[in-house]
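1. have a look; sequence and predicted model below, questions after that.
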Amino acid sequence: MKVVIFSRVSTQIQDYTRQTDELLEYASKMGYSVERIFEEKVSGAKKNEERKELMAMMEYIKHNQIAKVLTWELSRIGRNAIMVLQVIELLNEAKVSLYIKNYNLETLNTNGTVNPLSQFMVQILNSVNEMERQTIVQRLKSGYDAARKNGLKVGRKTGVQIKSDEQFLKENKDVAKLLKQGYAVRKIMKLENKSSGTVQKVKKMINV
């Protein structure tokens, strides 16, 4: 069965390696063929059309007979309920099931029909996720306002830098070299003691 993996984090300093690694492990256990991995660092509150990797995944699915999209949790698809349900609806129309690992949920039955129970649970879970996000945002804002009133500085610490793609490739040049030589991802993971997420990211960056 041909599947793709979709992972997302909200900020540039977060890492989606754990999400991707767990989904790769699940796919291997199930005997799925992972055709592509789509990873993005973008706020899930952004409009779908503004999310480059999400749009690339939807386009890829149309032309490659993908059966499932594997994601770590529902909020990885998006924080906004309307946007998430929009993605699921597009997947349903394409007869592509969305698998949500942390709840072991599938949006489609094995015959390609919509799973009404899963659909109902997805709507509830997504609403809860959105409410939790709004609560966190309000708490953070309240905390920042209180800190500012007390004369404290808030925001990113001085000197904290985001690693560039160039730096990342430089640090993983041996991985890139092995990929270009045709070594398999799992072989490189063992040889270089790297996570699958790191190797897959290098692979994607050098277009191997």
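-> Sure thing, it's come through.
2. what's the weakest-modelled helix or strand in this protein?
-> When the helices and strands of the chain are compared on mean pLDDT, DSSP states H and E, helix 116-149 comes out lowest with a mean of 70.
3. can I see the domain layout of this structure?
-> Domain assignment for the chain, taken from automatic domain parsing, gives 2-124, 165-205.
4. quick one, strands of this protein?
-> 2-9, 33-41, 68-71, 97-100, 105-106 (DSSP state E).
5. show me what Ile100 is bridged to.
-> Beta bridges link Ile100 to Thr71, Leu105 when assigned by DSSP bridges.
6. pretty sure it is touching Lys68, no?
-> No. Using C-beta atoms under 8 Å, Ile100 is not in contact with Lys68, being 10.9 Å away. Where C-beta positions appear, they are placed from N, C-alpha and C, glycine not excepted.
7. can I get the domains of the chain in TSV including distance to Gln138?
-> Converted to TSV, those look like this (distance: least, C-beta to C-beta, whole Å):
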stretch	distance to Gln138
domain 2-124	14
domain 165-205	32
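8. low-confidence stretches in this structure?
-> 11-13, 43-45, 79, 122, 125-134, 136-137, 144, 153-163, 208 (pLDDT under 70).
9. and with 80 instead?
-> 9-16, 42-46, 78-83, 116-165, 207-208 (pLDDT under 80).
10. how many other residues sit next to Gln138?
-> Using other C-beta atoms under 10 Å, Gln138 has 10 other residues around it.
11. identify the residues contacting it.
-> The contact partners of Gln138, taken as C-beta atoms under 8 Å, 6 or more residues apart in numbering, number zero.
12. could I get the strands of the chain as TSV with distance to Asn172 and mean neighbour count?
-> Formatted as TSV, those follow (distance: least, C-beta to C-beta, whole Å; neighbours: other C-beta atoms under 10 Å):
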stretch	distance to Asn172	mean neighbour count
strand 2-9	18	22
strand 33-41	15	18
strand 68-71	24	24
strand 97-100	29	23
strand 105-106	34	16
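13. looking at those, which is closest to Lys187?
-> Among the strands of the chain, strand 33-41 comes nearest to Lys187, with 15.7 Å by C-beta to C-beta.
14. ok and that closest one relative to strand 2-9, angle-wise?
-> With axes from the mean of the first three to the mean of the last three C-alpha atoms, to 10 degrees as the basis, strand 33-41 and strand 2-9 are set at 20 degrees to each other.
15. residues contacting strand 33-41, please?
-> Contacts of strand 33-41 (C-beta under 8 Å, 6+ apart): 1-12, 14, 16, 20, 24, 27, 51-54, 56-57, 60, 64, 66, 197, 200-201, 204.
16. select only the buried ones of the residues you listed in PyMOL?
-> Only the buried entries of the contacts of strand 33-41 go into this PyMOL selection, using 16 or more other C-beta atoms under 10 Å:
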select buried, resi 3+4+5+6+7+8+9+10+16+20+24+27+51+53+54+57+66+197+200+201
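17. filter the contacts of strand 33-41 down to just the ones in helices.
-> Secondary structure from DSSP state H places 20, 24, 27, 52-54, 56-57, 60, 197, 200-201, 204 of the contacts of strand 33-41 in helices.
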